[in-house]
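A.B. asks: From the sequence below, what's the structure:
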Amino acid sequence: MVEKNGHGLEFALTAPAGDVSFVDLLAKIAYYHAGHHLDLEHSMPIGEPWMPGSSCDHLLISLPYMHGPDLERCPLPNGHARILWALPVTAAEIAYRREHGHEALEQLFDEHEIEPTDPKRASVV
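C.D. replies: Numbering: from 1, shown residues only. Okay, here's the model as predicted:
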């Protein structure tokens, strides 16, 4: 977490099973965040599929929809942490977001009823 005036960001990753590789992925997110200051609606390339056989090789920083709004704010003694979701997405979905906007991409996710933790899910674009 990068703290500023008692407030910071944390990132959650939801996966279908526990695996040590997700610890590495969260470390990549933290490292990338330190240099690029990730926030809501940002994205980052991860350079490889998030899970073997997946076409998702980027992460989209989103609200933690799967877990409900209570997860987003975590009170701390001198501030709070905002917890955002690192959602695995495809390069095509990131390109679509750049052209049509974040809300348009999230609308496609809703229309296609994606299963965010499915490593084999098809791209919505």
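A.B. asks: Mind giving me the packing neighbours of the helix or strand where Glu106 lies?
C.D. replies: Per DSSP states H and E, Glu106 falls inside helix 102-112. Contacts of helix 102-112 with other secondary structure elements, assessed using 3 or more Cβ pairs under 8 Å, 6 or more residues apart in numbering; DSSP states H and E, are made with helix 91-100. No exception for glycine: its C-beta is placed from N, CA and C like everyone else's.
A.B. asks: which residue is nearest the centroid of this protein?
C.D. replies: Ala86 (1.4 Å; Cα atoms, centre = their mean).
A.B. asks: Could you measure from the closest residue to it other than its chain neighbours over to Glu10?
C.D. replies: Closest residue to Ala86 in three dimensions, ignoring its sequence neighbours and counting by Cβ to Cβ, 6 or more residues apart in numbering: Leu59, at 4.4 Å. The span separating Leu59 from Glu10 equals 14 Å under the rule Cβ to Cβ, to the nearest Å.
A.B. asks: Show me which of these two is the more surrounded one.
C.D. replies: Neighbour tally, Leu59 and Glu10, criterion other Cβ atoms under 10 Å: the higher count belongs to Leu59, 25 against 16.
A.B. asks: which other helices and strands contact the strand or helix carrying that one?
C.D. replies: Here Leu59 sits within strand 58-62, counting by DSSP H and E. The helices and strands touching strand 58-62, judged by 3+ Cβ pairs under 8 Å, 6+ apart, are strand 43-45, strand 79-89, helix 91-100.
A.B. asks: now do 6 Å
C.D. replies: strand 43-45, strand 79-89 (3 or more Cβ pairs under 6 Å, 6 or more residues apart in numbering; DSSP states H and E).
A.B. asks: Identify, out of those, the most deeply packed stretch.
C.D. replies: strand 79-89 (a mean of 21; mean count of other Cβ atoms under 10 Å).
A.B. asks: helix or strand right after the helix or strand bottoming out on mean pLDDT in the chain?
C.D. replies: Within the chain, no helix or strand scores below strand 3-4, which has a mean of 57 by mean pLDDT, DSSP states H and E. Next along the chain after strand 3-4, taking DSSP H and E as the criterion, comes strand 7-12.
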